[in-house]
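>>> return atomic coordinates for the entry below.
(chains A, B and C)
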Amino acid sequence: MARVVLIGNLAQLTGGVAEFQLRATSVKQLFEQLAERHPALGPHLQDGVAVAIDGQIYQDSLLEPIGPDSEVFVLPQIAGG
Amino acid sequence: MTGRARFGADYNLPGQLVGRVLRSPHPHARIVSIDTSKAEALPGVKAVVTRADFADQPSEFIPAGEMMMNYKDVVRNVMAREKALYEGHAVAAVAATSVAIARKALKLIDVKYEVLPHVIDVVEAMRPGAPLLHDDLFTAGVEPKPDKPSNIAKRLEIKVGDVEAGFKKADLIVEREFKTAPVHQGYIEPHAALATVSEDGSVELWTTTQGHFIVRAHCARLLGLDMGKVRVTATEIGGGFGGKTVVYLEPLAIALSKKAKRPVKMVMSREEVFKASGPTSGATVRVKMGATRDGKFVAGFAELKYQAGAFQGSPVQPGTMCAYAPYDIENVHVIGYDVVSNRPKVAAYRAPGAPISEYAVESVVDEIAKKLGLDPIELRMMNAAHEGTKAAYGPKFGPIGLEETLNSIKKTEHWNTPLRKWQGRGVASGFWFNIGGETSVSLTVNEDGTISLMAGTPDIGGLRAALASVAADELGVPVEKVRPIIGDTGSLGFNFLTGGSRSAFSGSMAIVEAAKQIKSELVARACKLWEAKPDQVEWKDGAVRPLGALAEKVKPMTIAEFAKISGKLGGPIGGVGRINAQGAGPSFGTHLVDLEVDPETGRTTILRYTVAQDAGKALHPAYVEGQFQGGAVQGIGWALNEEYIYGEDGKLQNAGFLDYRMPVASDVPMIDAILVEVANPKHPYGVRGVGETPIVPPLGAIANAMENATGIRFTELPMSPPKVLKALTDKGLNKA
Amino acid sequence: MAKHHIEATVNGDAVEFLCETEETLLDVLRDTLNLTGSKEGCSSGDCGACSVLLDGRLVCSCLVLGCEVSGRKIETIEGMAKGESLHPLQQQFLKSAALQCGICTPGVLVASKALLERSPNPTETEVRYWLAGNLCRCTGYDKIVSAVMDAAAVMRKG
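Here you go, the predicted model:
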């Protein structure tokens, strides 16, 4: 099971729960599972987050695979100037 | 170079009209009515637009990176609706046959304002009872949900470990509050747009922008057009630094052109650039750090309050994430507030949010070093993030170069040169995440073997040269044979904007993809031509080469040779790279500065400056150095002189280059650049973005040098001569 | 209001144009004579992007009126290269990566040319103070100053 941690204010949409153990094998699945448990997260996951899988940051990358022992952080998106 | 490059204001179309904007003279006012009839009647005026010409947009956040934008706000920023929210806010626009007539027309537009009390300072704007900008803005991120509107748009935080427990372990706690003023990106080229709308409703737009695909998306949305009907060409851009990632004039020019049925050209004056385009936030930052007596950081707390300007969306989020990023600290808690106030909406400025928060933290780190009697570089080394460190904002770092930059600085002659009285030395480190993003490039092999490279991210400083060298390497051709251009929105797939230090990183990745396609196509053609099997040929060193026995029958063929006969072998040769580049590696930097303060005038002279930064792999070292030097000098300006100065009336007093004082050539010395290269394993060449990190360390480094020179810890930026002089005088330090 | 009829020399060519009283030389160069190499950064003489030589003297063309140049000699960035060959300053700027976005470059080149015509062997300090009227936001001035000094050395060799 992958360990999933929500960073920043996302935990406010889950009533304070910031850590999950999920059986997702891709970012797409991860978002679906999180949104199932906490519907308030859904729209935010679609458009405003980046995902760090085992230390590597991905943005807008639904198909990125997640391993069975991965550590995944869900972060606010970055752009720059 | 020769004056032939065409920037935004250099484009003209026959029959074009001059567009000008009427702007609010009040920092906060309800717009009661707008009467444009006299202006419309003036001979020579061909169109006038106001809020009536832009459909309202429902509230919808668009991912625009860390500064989420809402179309409801965008349409109001482009043209005021219910209220004018800052001095300079667009209220109407005209298109006329000459500048003189356009100016006259603006004077004939009658706007009735109900002036309201205004608020600018972030702390003032947060107070209950402060004048409210939006009665439908409720603070997000607090529980229970507030039922009263506020100027605080958002509260956010990141938390790791337990800072309270951490502080209990500390032998030394340092707590300070800092204040920074809004500063402008300062690009020398003002915003400019030229739009023409044809009878069938299709739009052609030339604009100086960092992201023409983004411009297309915004304009299509605001004007209710299909994206396919809007073709945007990014002109050469005279500086952006994040400030040209949004739209100001473009929707106005298109709306005017549609009404006037003629092309409309709009260029901002320098005063308009300062008053009506987005500077970065001013902020108040409180930092509290705890360390053991041998220098280990055990707790890091910070509270950031950032101005967003008239609409929400300051870069406080990345500010919170970057504050402690250079350090491996077990317990971190950073709170951020996004606060609206009556000044132009903030736009991104090179590493948005990071210079402010890292200035505060680096200042406190320096104070810790001094109080513990530790060398400031040693202290940072002791706590430096390295591969495997868990960043305060979550993920573990891959290979990173912070320690290497600290070591490089330590080894310099600069670090070891003695100083005199009133001279001071300061060091600071800094970080930016960097991004990848959607990128499309195309490589086409021309019949003579030259290569046309089309990228889609506007070149703001050396990109084309860097990408050309990658294409040349990949295809084994001399770089002079590669001609790089930036394509318009009709020619390429989507490209996210130039920013986030991404264009060389993602562009080069996409080129590697495109080159792969070309190479495999050439190998396939060689097989057909030579009637060979794939294992009998290989691509190597710029040519397809026959292997083994085949080598006795045929000679290798270069791209150029294939190109000559491409028609006979199936058609033109080309490749496309369409990727969403991932794997951007963060770039860490450490800056070292020596300065001298004149006790009689408070003036600070930068004596010597060294930048050490991790580029992963420098595709074009001279341009990478140029990024280091340019960012460092912007940081010098931010630290020593630049600030938006408002009067009591909420109006900007220094809306010009004379009084908004950016560094000139005589203000700075040569900037030594040390290129550190810790390869980014996720990029085929090891590249890391480099454009943004250079502006992050200077503020802290210079503040630390000032403390070293004067004994005074300046907690307010800029440290301009009047402020420095006053501080010296108050402490009796400059008595002869 | 009748326009002024002006005759002058621009980059060695005789030109003739009409202009309003309030039009600056910069406006005339860019909009009437189609020489868009000189740039408008501020219209107040603070950024130097519009630098040209007027009778050999370095000026901000945004601070000169079009109707003031009757019978006078104007040199802009467009006249710096001689046909196919770039001026040594232009060549050195390319070699040294002394430009990034390029918007300040025409003004900087014209100003540098004026400097080297007066002072063929300037010190770093001289170059910095001479160019203090040319704002650059991209380069931090380092490579610009090096390029000017290197070009000066090349030009001294003849």
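
>>> what helix or strand is the residue in chain C that chain B sits nearest to on?
Proximity of chain C to chain B (Cβ to the nearest Cβ) peaks at residue C:37, 2.0 Å away. For the C-beta atoms, the positions are set from N, CA and C on the backbone; glycine is no exception. For residue C:37, there is no host helix or strand (DSSP states H and E).

>>> cool, and residue B:477?
Using DSSP H and E, no helix or strand contains residue B:477.

>>> ditto for residue B:472
Element membership for residue B:472 (DSSP H and E) is helix B:463-475.

>>> what packs against that helix?
Applying 3 or more Cβ pairs under 8 Å, 6 or more residues apart in numbering or on different chains; DSSP states H and E, one finds that helix B:463-475 makes contact with strand B:437-445, strand B:451-455, strand B:482-486, helix B:503-530.

>>> list the residues that contact residue 59.
As the question left the chain open, I've gone with chain A. With contact taken as Cβ atoms under 8 Å, 6 or more residues apart in numbering or on different chains, residue A:59 is in contact with A:50-51, A:77-78, B:435-437, B:580, B:582.

>>> please go with chain B instead
B:70-72.

>>> distance check, it against residue B:72.
4 Å (Cβ to Cβ, to the nearest Å).

>>> again with residue B:481
50 Å.

>>> ok, residue C:31 next?
For residue C:31 relative to residue B:72 (Cβ to Cβ), the value is 38 Å.

>>> residues near residue 43, how many?
By default, I'm working from chain A. Residue A:43 has 12 neighbouring residues, counting by other Cβ atoms under 10 Å in any protein chain shown.

>>> should've been chain B
By the criterion of other Cβ under 10 Å, residue B:43 has 7 neighbours.

>>> for the residue in the stretch 601-736 of chain B that chain A sits nearest to, give its distance to residue B:100.
Residue nearest to chain A within the stretch 601-736 of chain B: residue B:692 (5.7 Å; Cβ to the nearest Cβ). According to Cβ to Cβ, residue B:692 and residue B:100 sit 42 Å apart.

>>> those two: which has the busier surroundings?
Between residue B:692 and residue B:100, residue B:692 has the larger neighbour count (other Cβ under 10 Å), namely 32 against 15.

>>> let me see the confidence value for the residue of chain C closest to chain B.
We have a pLDDT of 96 for residue C:37.

>>> that one contacts residue C:106, correct?
Yes: using Cβ atoms under 8 Å, residue C:37 is in contact with residue C:106, at 4.9 Å.

>>> what touches both of the two?
Shared contacts of residue C:37 and residue C:106, defined by Cβ under 8 Å, 6+ apart, are found at B:3, C:76-77.

>>> I'd like those as CSV, with neighbour count and pLDDT appended.
Putting the shared contacts of residue C:37 and residue C:106 into CSV (neighbours: other Cβ atoms under 10 Å in any protein chain shown; pLDDT from 0 to 100) gives the following:
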residue, neighbour count, pLDDT
B:3, 23, 85
C:76, 23, 97
C:77, 28, 97
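
>>> from those residues, which is closest to chain A?
The closest of the shared contacts of residue C:37 and residue C:106 to chain A turns out to be residue B:3 (Cβ to the nearest Cβ; 28.3 Å).

>>> and the gap between the closest one and residue C:137?
19 Å.

>>> coming back round to it: how far off helix B:503-530 does the helix holding residue B:472 point, in degrees?
30 degrees (axes from the mean of the first three to the mean of the last three Cα atoms, to 10 degrees).

>>> identify the residues contacting stretch C:71-91?
Stretch C:71-91 is contacted by residues B:1-4, C:7-12, C:25, C:29, C:35, C:37-38, C:52-56, C:94, C:106-107, C:109-110, C:112-113, C:116, C:147-148, C:151, C:154-155 when judged by Cβ under 8 Å, 6+ apart.

>>> 6 Å instead, please
For stretch C:71-91, the external contacting residues (Cβ atoms under 6 Å, 6 or more residues apart in numbering or on different chains) are B:1-3, C:8-11, C:35, C:37-38, C:52-55, C:106, C:109-110, C:112, C:151, C:154-155.

>>> residue contacts, residue B:297?
Contacts of residue B:297 (Cβ under 6 Å, 6+ apart): B:291, B:327, B:329, B:383.

>>> could you identify the most distant pair in the residues you listed?
Spanning the widest gap among the contacts of residue B:297 are B:291 and B:327, at 10.6 Å by Cβ to Cβ.

>>> quick one, strands of the stretch 551-700 of chain B?
Ranges of strands in the stretch 551-700 of chain B, per DSSP state E, counting those that start in this stretch, are B:557-558, B:573-581, B:587-597, B:604-614, B:671-676.

>>> pairing partners for the shortest one, with directions?
With DSSP bridges as the criterion, the sheet partners recorded for strand B:557-558 are strand B:543-546 (antiparallel).

>>> the second one too?
Strand B:573-581 has these partner strands in its sheet, going by DSSP bridges: strand B:437-445 (antiparallel).

>>> now the fourth one
Based on DSSP bridges, the strands next to strand B:604-614 in the sheet, each with its direction, are strand B:587-597 (antiparallel), strand B:671-676 (parallel).

>>> in chain C, which residue sits nearest chain A?
residue C:137 (13.1 Å).

>>> ok so, going back, strands - which of the contacts of residue B:59 land there?
Judged by DSSP state E, the subset of those located in strands is residue B:70.

>>> now check stretch B:169-185, is it near chain A?
No: using Cβ under 6 Å from any Cβ of the partner chain, stretch B:169-185 stays clear of chain A, coming no nearer than 7.6 Å.

>>> restrict that stretch to CA atoms and write it as CSV.
What follows is stretch B:169-185, C-alpha atoms only, in CSV (Å, rounded to 0.1, in the frame of the first residue of the first chain):
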residue,chain,number,x,y,z
LYS,B,169,15.1,21.5,22.8
ALA,B,170,16.7,24.7,21.6
ASP,B,171,19.6,26.4,23.5
LEU,B,172,19.1,29.5,21.4
ILE,B,173,15.9,31.0,20.0
VAL,B,174,15.9,33.9,17.6
GLU,B,175,12.7,35.6,16.6
ARG,B,176,12.4,38.6,14.2
GLU,B,177,9.8,40.4,12.2
PHE,B,178,10.6,41.6,8.7
LYS,B,179,8.9,43.9,6.2
THR,B,180,9.3,44.1,2.4
ALA,B,181,7.8,46.5,-0.1
PRO,B,182,6.2,45.7,-3.4
VAL,B,183,8.7,45.7,-6.2
HIS,B,184,8.2,45.6,-10.0
GLN,B,185,9.8,43.1,-12.4
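
>>> who touches it?
B:241, B:243, B:279-280, B:282-293, B:298, B:349, B:356, B:360, B:364, B:367-368, B:371, B:638, B:642-644, B:715-717.

>>> just the buried ones from those?
Using 16 or more other Cβ atoms under 10 Å in any protein chain shown as the burial test, the contacts of stretch B:169-185 include B:241, B:243, B:279-280, B:282-285, B:287-291, B:298, B:349, B:356, B:360, B:364, B:367-368, B:638, B:642-644, B:715-717 as buried.

>>> next up, the contacts around the nearest residue to residue B:14 once chain neighbours are set aside.
Nearest residue to residue B:14, sequence neighbours excluded (Cβ to Cβ, 6 or more residues apart in numbering or on different chains): residue B:263, at 7.9 Å. Counting by Cβ under 6 Å, 6+ apart, residue B:263 touches B:13, B:16, B:196, B:257.

>>> cutoff 10 Å now
By Cβ atoms under 10 Å, 6 or more residues apart in numbering or on different chains, the contact list for residue B:263 reads B:11-17, B:19, B:95, B:194-197, B:204, B:206, B:253, B:256-257.

>>> so which of those belong to helices?
B:253, B:256-257 (DSSP state H).
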